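Asks: model this:
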Amino acid sequence: MRRNRLGFAGRLAAILALAVLLAACAEKKAPAPKAGAGLDPAEARAIATEAYLYGYPLVTMEMTRRVMTNVAAPENGHAPMNEFAHVRRYPPAGFRDVTMPNADTLYSTAWLDLSAGPMVLSLPDTHGRYYVMPILSAWTGVIASPGARTTGTGPQTYAITGPDWRGSLPSGMSEIKSPTNLVWILGRTSCTGSPSDYEAAHAVQNKYLLVPLPAWGKPAPPAAPGRVDPAVDMNTPVRDQVDALPAGPYFRLLAKLLRDNPPTPEDAPLLARMARLGIVPGQDFDLGALPPELALAAAGAPAAGQARMASAARSTAETINGWSVDLKMGVYDSDYGRRALTARRALAANRPQDEVYAVSTGWYRGEGKYVLRFPSGQLPPVNAFWSLTLYDGEFFFAANPLNRFSLGSRDALKHDEDGSVTIHVQHESPGPDREANWLPAPEKEFNLVLRLYWPKSAPPSILDGSWAPPEIELAR
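Replies: Residues are numbered from 1 along each chain as shown. Predicted coordinates for the structure are as follows:
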């Protein structure tokens, strides 16, 4: 497993980002410039918008963590810090914790705080059952993906370590170095949804284990109850909570989070610009400390940042037959806008080698009747499985009479006489003879996402463009 060695250097990035400014002040024997010094409103607005997009994934992760760990004990996909919570059924239509949830795999999720030391992740022999256990930094980058594709389905053990940890590990234990102390594990275990397969998948989930490194190999102590904070909003979708944050509280939270979740050295130029507005890692941010005209300009950052993300949604990925296909998810480098957009639309997205997401570029309405037709022999090429999932206008599941949110290779799809497979997407039933291939749609706006789990790398492959999803068409 490749180690990320930017942790310590990343923690210094914020200091290095200010070096030019501070050095210049020292040479002139002048105090450090005040927040906003030398800026006009246009510059302040531009810097604040950049900072908003830059921090959106980090702030979204923190707000998600607050909601998902605000329980005394594991329940309904929520658990205290450093504990697994297992989702035992597919998410219902009312699920609002994560945008674009899937209805193909059972989630096993855990939020880790590595500031007190490493956590050990133990994975069992799944006896060939497909699973993937992506581990994300606080910036939403996938730092490792143990699972069927990368490490096989046999037993394996990892120590997940924070950016400042230095030490030795027991024999046979591999290190996964995180650049941040906040880590999110969002594992996915394959399950068909049948009663017998639910039981078998649950047996695998029950063997996913997390313990602090000092407790490894010792009898597990009783789990301490988690702390429930009544101030945490458990009802409003996290994305709505983030989007509603005014600039002042948003940047104050961002500066605080940057202390324990350091930026990378590549972020230094942007951090230097942010410092001109007073947004400095680990320091309190006060919008009111800026001159009034600059404070007013910076206050518009949330609206401007969200508008830019909406615009970027049409240009960050390749468009193929009416599908937006992003083959760079999970690894963002300095593409802050694309990283922010992914956090907004598909938080905790997998790397494309594990899962490719093809999102329909058009929006549809339930009064229309649509078909997705795969010609004979041209179903999505995968090593695991594929699915087509329908979402409402907010990228959540849409309630329907069949309680069916997706269709795919694990369903008993009917083939046409010529061997093709046609999926019908509409509000009204297409008739009893076609209902096996019916993906029910809401009356209002909806979107479609085609997922390819462990896509094939050899042609035909979506990874190299030698296979592409067919166009969504109006039914004849």
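
Asks: mind checking pLDDT for the residue nearest the centre of the chain?
Replies: By Cα atoms, centre = their mean, the chain has its centre lying nearest to Ala348, at 1.6 Å. With respect to pLDDT, Ala348 scores 87.

Asks: what does Leu21 give?
Replies: 42.

Asks: do Leu290 as well
Replies: Leu290 is given a pLDDT of 96.

Asks: how about it, phi and psi?
Replies: phi -80, psi 150 (degrees, to the nearest 10).

Asks: okay, now it: neighbour count?
Replies: For Leu290, the tally of surrounding residues (other Cβ atoms under 10 Å) stands at 24. From N, CA and C alone the C-beta is placed, and that goes for glycine too.

Asks: quick one: it and Ala298 touch, right?
Replies: Yes - applying Cβ atoms under 8 Å, one finds Leu290 in contact with Ala298, separated by 6.5 Å.

Asks: any common contacting residues for these two?
Replies: Both Leu290 and Ala298 are contacted by Ala44, Leu277, under the criterion Cβ atoms under 8 Å, 6 or more residues apart in numbering.

Asks: now stretch 449-460: buried residues?
Replies: Val449, Leu450, Arg451, Leu452, Tyr453, Trp454, Pro455, Lys456 (16 or more other Cβ atoms under 10 Å).

Asks: inside strands: which ones of those residues?
Replies: Val449, Leu450, Arg451, Leu452, Tyr453, Trp454, Pro455 (DSSP state E).

Asks: please name the nearest non-neighbouring residue to the second one.
Replies: By the measure of Cβ to Cβ, 6 or more residues apart in numbering, the closest residue to Leu450 outside its immediate chain neighbours is Ala358, 4.1 Å from it.

Asks: again with the fifth one
Replies: Of all residues not flanking Tyr453 in the chain, Ala384 sits nearest, at 3.9 Å (Cβ to Cβ, 6+ apart).

Asks: what is the burial count for that neighbour?
Replies: 22.

Asks: and if you look at Glu473?
Replies: 13.

Asks: correct me, but Ile135 touches Gly187?
Replies: No - in this structure, Ile135 is not within contact of Gly187 by Cβ under 8 Å, at 9.1 Å.

Asks: now render the buried residues of stretch 449-460 as TSV, adding pLDDT.
Replies: TSV is the format used below for these (pLDDT from 0 to 100):
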residue	pLDDT
Val449	95
Leu450	97
Arg451	95
Leu452	97
Tyr453	96
Trp454	97
Pro455	97
Lys456	97
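
Asks: for those, which two are the farthest from each other?
Replies: Val449 and Lys456 (19.2 Å; Cβ to Cβ).

Asks: Ala138 and Leu182 touch, don't they?
Replies: Yes - between Ala138 and Leu182 a contact is recorded at 3.9 Å, counting by Cβ under 8 Å.

Asks: am I right that Arg65 is in a helix?
Replies: Yes - remark: Arg65 belongs to a helix, assigned using DSSP: H, G, I helix; E, B strand; the rest coil.

Asks: so Tyr158, which of the three states?
Replies: strand.

Asks: what separation do you get for it and Gly337?
Replies: 32 Å (Cβ to Cβ, to the nearest Å).

Asks: now do the helices in the stretch 51-200 of the chain.
Replies: 195-205 (DSSP state H, counting those that start in this stretch).

Asks: before we move on, what about the stretch 201-350 of the chain?
Replies: 238-244, 247-260, 268-276, 292-299, 301-312, 336-345.

Asks: return the most buried member of those helices.
Replies: Highest mean neighbour count of these: helix 336-345, a mean of 23 (counted as mean count of other Cβ atoms under 10 Å).

Asks: that'll do, ta.
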